[in-house]
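Undergrad: model the following, please.
(2 chains, ligands or ions: 2)
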Amino acid sequence: MESHDSCVEINSAADIVEARRKGRELAAQIGFDGSDLTVIAAAISEIARNIVDHARRGRVFFSSATHGNRRGICIVAKDEGPGIKDVARAMQYGYSTRKGLGVGLPGAKWLMDDFEIDTKIGVGTVVTMKKWLR
Amino acid sequence: MHVPVLKQGGYLIASVQSVLSDADLLQLRDDLADRVGQFRSRGVIIDVTVLDVIDSFATRTLRTVAHMLKLRGAETVIVGIQPDVAFAMVQLGLTLEGVGTALDLEEGLAYLNLLSKKSAGHGKS
Ligand SMILES: Nc1ncnc2c1ncn2[C@@H]1O[C@H](COP(=O)(O)OP(=O)(O)OP(=O)(O)O)[C@@H](O)[C@H]1O
Ligand SMILES: [Mg+2]
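TA: Residues are numbered from 1 along each chain as shown, chains lettered A, B, ... in the order given. Ligands and ions are numbered 1, 2, ... in the order given. Predicted coordinates for the structure are as follows:
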C-alpha cells in the first residue's frame, strides 16, 4: 500500500528547501535517522533542482512505501518539461546538457535504493525513488 | 536567510545561520567578493556547521566562491561540514577540490595562519 502523504509545488529554487524539509520530516516519521535523513534530503535536493533547472516547474510527492515486510519512503518528482532525450547518458556521472557538474541524477540514484525515470520528449519527466529502512 | 560576514583581523568569517536557499548562497558569494576588496582580507572562513545538506549546487557555488576569492588574493577555508553531510556528499560524488577545509573555526584559523606564514616565508627567500 502506498499513499501520497504530501506534495510540494516546485516553482523556484526557494521551493527546493521546502521539499527537503517535507521529505526529511516524513522520513523521520517513518523511522529513518542519522545519515539516512541527510542522504534522503540530498537526493530530494538534486531531483527538485533538476525540475527548476530543466523543466521550470513541477511537483514532488512524498509517501510511505511498503514492500513485503519492508518499510520505506517513496519520492516522486513530476514535471511537464521538455523530457530527457537520452536517459542512459543523463544517468552518466559528469554528463550535463548545461555546465553543471552532471552529478544530480547519478548521485540521487546512488543515494537511494530504487530509482526509476519515466520520460517522454515534449511531455515531461517522472522520477520515482525509494529508500528502505534497514 | 542572509549570512553575516564578520571581520576578524586580516580575515573574514561568514557563519551560515540557517538552511540556505540558492539566492542566499549567491548573495554570500557577492558579499564576500566585495568585502575581501574592501578590507583587503587575506583569508576567508565559511562556517557551514548548520547546513543540513550540501548538494551539487551548493558545492558548485562554494567552489566558485573559493576560486573567485583566490583571484582577489584571499584563501578560503570551509569549516564545520557535519559527518552526515560529508557522507552524503561522498555518495553523491561531490568534492570540494581546490578548496581548503577544516574541522571547525579554530582549525580554520590555524589553517589560514599557516598559509599566510608560508607565503610570508616564500616572499622573503
Ligand atoms: N526533470 C528534467 N527534465 C528534463 N531534463 C532533465 C531533467 N532532469 C535531468 N535532465 C537532463 O539530464 C541531464 C543530467 O542531469 P543531472 O542532474 O545529472 O546534471 P545537471 O542537472 O546537468 O547538473 P548538476 O545536477 O550536477 O548541477 C541534465 O543536464 C538534463 O539535460
Ligand atoms: Mg541536476
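Undergrad: give me the residue from chain B nearest ligand 1.
TA: As assessed by C-beta to the nearest ligand atom, ligand 1 sits closest to B:S56 within chain B, at 4.0 Å. Just so you know, the C-beta spots here come from the backbone N, C-alpha and C atoms, and that holds for glycine as well.
Undergrad: per-residue pLDDT, that residue?
TA: B:S56 carries a pLDDT value of 91.
Undergrad: around it, how many other residues sit close by?
TA: When counting by other C-beta atoms under 10 Å in any protein chain shown, one arrives at 24 neighbours for B:S56.
Undergrad: quick one: contacts for it?
TA: Contact partners of B:S56, counting by C-beta atoms under 8 Å, 6 or more residues apart in numbering or on different chains, are A:46, A:49, A:100-101, A:103-104, A:107, B:92, B:94.
Undergrad: just the residues you listed: which has the poorest pLDDT?
TA: Scanning those for pLDDT, the low point is A:G100. It has 82.
Undergrad: can you list contacts of stretch A:103-116?
TA: The contact list for stretch A:103-116 (C-beta under 8 Å, 6+ apart) reads A:39-40, A:42-43, A:46-47, A:49-50, A:72, A:75, A:90-94, A:117, A:127-132, B:56, B:88, B:91-94.
Undergrad: could you pick out the buried ones from the residues you listed?
TA: Listed as buried from the contacts of stretch A:103-116 are A:39-40, A:42-43, A:46-47, A:49-50, A:72, A:75, A:90-91, A:117, A:127-132, B:56, B:88, B:91-94; burial here means 16 or more other C-beta atoms under 10 Å in any protein chain shown.
Undergrad: what about A:I117, is that helix, strand or coil?
TA: Here A:I117 is recorded as strand under DSSP: H, G, I helix; E, B strand; the rest coil.
Undergrad: show me what it is bridged to.
TA: Taking DSSP bridges as the rule, A:I117 bridges to A:V127.
Undergrad: among the buried ones among the contacts of stretch A:103-116, which ones are in strands?
TA: A:72, A:75, A:117, A:127-132 (DSSP state E).
Undergrad: format those as CSV; extra columns: pLDDT and distance to B:S119.
TA: As requested, those are exported to CSV (pLDDT from 0 to 100; distance: C-beta to C-beta, whole Å):
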residue, pLDDT, distance to B:S119
A:G72, 98, 51
A:I75, 98, 47
A:I117, 98, 48
A:V127, 98, 47
A:T128, 98, 51
A:M129, 98, 46
A:K130, 98, 50
A:K131, 98, 46
A:W132, 98, 51
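Undergrad: closest to A:I30 among those?
TA: Closest approach to A:I30 among those (C-beta to C-beta): A:G72, at 7.0 Å.
Undergrad: doesn't A:W132 make contact with that closest one?
TA: Yes: assessed by C-beta atoms under 8 Å, A:G72 is found in contact with A:W132 at 3.9 Å.
Undergrad: got any residues that touch both of the two?
TA: The contact sets of A:G72 and A:W132 overlap at A:65, A:113 (C-beta under 8 Å, 6+ apart).
Undergrad: residues in chain B within reach of chain A, list them.
TA: Within chain B, the positions adjacent to chain A are B:19-23, B:52-57, B:59-60, B:82-85, B:87-89, B:91-94 by C-beta under 8 Å from any C-beta of the partner chain.
Undergrad: quick one: low-confidence parts of chain B?
TA: Applying pLDDT under 70 to chain B flags residues B:1, B:122-125.
Undergrad: and the longest helix for chain B?
TA: Counting by DSSP state H, the longest helix found in chain B is helix B:105-124.
Undergrad: buried residues in that helix, which are they?
TA: Those would be B:105, B:108-109, B:111-112, for helix B:105-124 by 16+ other C-beta under 10 Å.
Undergrad: show me what contacts the residue lying closest to B:L115 once chain neighbours are set aside?
TA: Leaving aside its sequence neighbours, B:L115 sits nearest to B:E75 (C-beta to C-beta, 6 or more residues apart in numbering or on different chains; 5.3 Å). Counting by C-beta under 8 Å, 6+ apart, B:E75 makes contact with B:42-44, B:69, B:100, B:112, B:115-116.
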